[in-house]
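Colleague: Below is the sequence, then the predicted model.
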Amino acid sequence: MDSKNFKFTEEHEWVSADNDVATIGITHYAQGELGDIVYVELPQEGEEVTMMESFGTIEAVKAVSELYSPVSGTILEKNEELEAQPELINQDAEGKGWLIKVKLKDLNELEKLMSYDEYQSFIGK
């Protein structure tokens, strides 16, 4: 996946949309700030998520953080591999460490998120 095509939130989640299916994860920057990730709690398939509302938690050695959905929709899939290997997020946050896939409710929500360049400015890069 090419993160230059992602959209980003101020809470450091990314979203990549393919038609009306969005893949969501946390950014490389966020995993670096969190440190070693030891546990992720994700919603089940069929549950609804709402833009900028919490959909789960991510636990690192030094902190537990809420996960916020960049978009609204219905959970199609969660990354089952993270249950046994949460460290995938540290290894490849913007690839194999994705969190959930969502059937988008409103494609226009993507326009409200930051572009790659805007996100880089936001994190001071």
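Modeller: Sure thing, it's come through. Here the structure is a predicted model, which is why all the values come from computation and not from measurement.
Colleague: okay, CA-based contacts and neighbour counts for the rest of this
Modeller: OK.
Colleague: now the helices for the protein?
Modeller: For the chain, applying DSSP state H gives helices covering 28-34, 81-84, 88-91, 116-122.
Colleague: Would you point out which residue is most central in this structure?
Modeller: residue 25 (2.1 Å; CA atoms, centre = their mean).
Colleague: before we move on, the earlier item: between the helices of the chain, which gets nearest to residue 19?
Modeller: Proximity to residue 19 (CA to CA) singles out helix 116-122 among the helices of the chain, at 18.9 Å.
Colleague: so who does residue 5 touch?
Modeller: Residue 5 sits next to 16, 115, 116 when contact means CA atoms under 8 Å, 6 or more residues apart in numbering.
Colleague: Residue 7 is in contact with the second one, correct?
Modeller: Just to be clear, that refers to residue 115. Yes - contact criterion CA atoms under 8 Å: residue 115 and residue 7 qualify, at 5.1 Å.
Colleague: Between those two, tell me which one has more neighbours.
Modeller: More neighbours surround residue 7 than the other of residue 115 and residue 7, with 23 against 19 (other CA atoms under 10 Å).
Colleague: Appreciated, that's everything.
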